[in-house]
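K.L.:
sequence-free structure coming up:
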């Protein structure tokens, strides 16, 4: 596993709400691996990206030559969503923070009252609302 990760703005709210689903098995397995590593190593460094594939995109079946090819609309949406979420969270692109810092703030700011607005347009939104924040993720992040 990596010593650090790259996470896109539009993926900031995903790890605390991950429910082991995804586009396909490879994507879901990669997501699970990243989430579990973060849970076990909350001080791992994460570089926040905007408009570029990240550690979660690596196994996405819709990634081709660094671009989302699911559809032109989705490709534009992910880039706009990166900017929107980073701005909402008051993070700058290409800055490095600990997972603890990013996800503690994410769980506070992207909550049941704000998630529909912040994550509007995401195909996983209904699942994230239904599942909510994984209490084990929150507990693991608060260790140490």
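P.N.:
Perfect, I can see it now. Everything numeric in this text was worked out from a predicted model, so none of it was measured.

K.L.:
Next, report how far stretch 131-142 is displaced from the centre of its chain.
P.N.:
14 Å (C-alpha atoms, centre = their mean, to the nearest Å).

K.L.:
cool, stretch 20-33 as well?
P.N.:
13 Å.

K.L.:
buried stuff in it?
P.N.:
Judged by neighbour count (16 or more other C-beta atoms under 10 Å), stretch 20-33 contains these buried residues: 22-23, 27-28, 30-31. (Each C-beta comes from the backbone N, C-alpha and C, glycine too.)

K.L.:
just checking, which of these belong to helices?
P.N.:
Of the buried residues of stretch 20-33, the ones assigned to helices by DSSP state H are 27-28, 30-31.

K.L.:
List the residues that contact the closest residue to residue 18 other than its chain neighbours.
P.N.:
Excluding its sequence neighbours, the residue lying closest to residue 18 (C-beta to C-beta, 6 or more residues apart in numbering) is residue 35, at 4.9 Å. Residues in contact with residue 35 (C-beta atoms under 8 Å, 6 or more residues apart in numbering) are 15, 18, 137.

K.L.:
What is the neighbour count of residue 56?
P.N.:
23 (other C-beta atoms under 10 Å).

K.L.:
Can you tell me the closest non-neighbouring residue to it?
P.N.:
Using C-beta to C-beta, 6+ apart and skipping residues adjacent in sequence, the residue nearest residue 56 is residue 11, 5.2 Å away.

K.L.:
again with residue 88
P.N.:
Once flanking residues are discounted, residue 88 sits nearest to residue 118: 5.8 Å by C-beta to C-beta, 6+ apart.

K.L.:
what's the spacing between that neighbour and residue 81?
P.N.:
For residue 118, the distance to residue 81 (C-beta to C-beta, to the nearest Å) stands at 9 Å.
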